[in-house]
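[1] mind looking at a prediction? Sequence and model below.
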Amino acid sequence: SQQGEEDPQALSIQEGENATMNCSYKTSINNLQWYRQNSGRGLVHLILIRSNEREKHSGRLRVTLDTSKKSSSLLITASRAADTASYFCATAPYNQGGKLIFGQGTELSVKP
Amino acid sequence: ETGVTQTPRHLVMGMTNKKSLKCEQHLGHNAMYWYKQSAKKPLELMFVYSLEERVENNSVPSRFSPECPNSSHLFLHLHTLQPEDSALYLCASSQDSAGGAYEQYFGPGTRLTVT
């Protein structure tokens, strides 16, 4: 079964608007991480939230985690054209060593 | 720059060729990873090395052969590949591989095309 499924698959917004992406997963986790990927490049780590945390902030990014619903959300506030990228959630399943399982990602387009 | 470099950035090879992908990390990390990213599919974990020892082999065909001579270098040796192996191959490193507790730092990837 797929771990870390993002929703929506694609999102198009205007500069200045907020963007919200959601991630659902199926098994117990140690932590959940969000990554960003510009077209055809490597992934860049954004935020790691542990299973005992509910919310975390980093600059314009806000991540929430609800372990009872097995879901997480990434909010980007006051978006910029430079935020255009694919965003992936990755779960670190409990008792599976260092494995990270990535979802298919949300493709965000921010129009100037 | 993330501190993880990959060479070459682009590679075109025939099905009978043998080539190698190289990854180097300058972060002092103990764990290194190979991932495959195909179009419209999630990243697939291929191999995990911790302190130069392979700790994960995710049912990868034997035509992909990893090598980790030390904790800073990771290779992926390729031979007799198939066109469906065409993809972006990403290398990553993290402080440790235990419990997925750490963020991973990715290289820019090698875009591989098998003809």
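    Right, received. Where do you want to start?

[2] any idea what the spatially closest residue to B:Ala39 that is not a sequence neighbour is bridged to?
    Spatial nearest neighbour of B:Ala39, excluding adjacent residues (C-beta to C-beta, 6 or more residues apart in numbering or on different chains): B:Ala87 at 7.9 Å. Using the backbone N, CA and C atoms, a C-beta is placed for each residue, glycine as well. Beta bridges link B:Ala87 to B:Leu112, judged by DSSP bridges.

[3] in chain A, which residue sits closest to chain B?
    A:Ala92 (2.6 Å; C-beta to the nearest C-beta).

[4] from memory that residue sits against A:Tyr25, does it?
    No - using C-beta atoms under 8 Å, A:Ala92 and A:Tyr25 do not qualify as a contacting pair, with a distance of 10.2 Å.

[5] next up, the contacts around the residue nearest to B:Ala39.
    B:Lys36, B:Gln37, B:Ser38, B:Ala39, B:Leu112 (C-beta atoms under 8 Å, 6 or more residues apart in numbering or on different chains).

[6] tell me the two of those residues that are most distant?
    Longest distance between any two of the contacts of B:Ala87 is 12.7 Å, between B:Ala39 and B:Leu112; criterion C-beta to C-beta.

[7] for the chain, what spans make up the strands?
    All of this refers to chain A. Secondary structure of chain A (DSSP state E): strands located at A:5-7, A:10-14, A:19-24, A:29-37, A:43-50, A:55-58, A:61-66, A:71-76, A:85-93, A:101-102, A:106-111.

[8] that answer is for a different chain, and I need it for chain B
    For chain B, the strands identified by DSSP E occupy B:4-7, B:10-13, B:18-25, B:31-37, B:44-50, B:53-57, B:64-70, B:73-79, B:87-94, B:105-106, B:110-114, in order along the chain.

[9] which one, of those strands, ends up nearest to A:Ile47?
    Among the strands of chain B, the nearest to A:Ile47 by C-beta to C-beta is strand B:105-106 (14.3 Å).

[10] partner strands of the helix or strand bottoming out on mean pLDDT in chain A and their direction?
    The helix or strand of chain A with the poorest confidence is strand A:5-7; it has a mean of 84 (mean pLDDT, DSSP states H and E). Counting by DSSP bridges, the strands paired with strand A:5-7 are strand A:19-24 (antiparallel).
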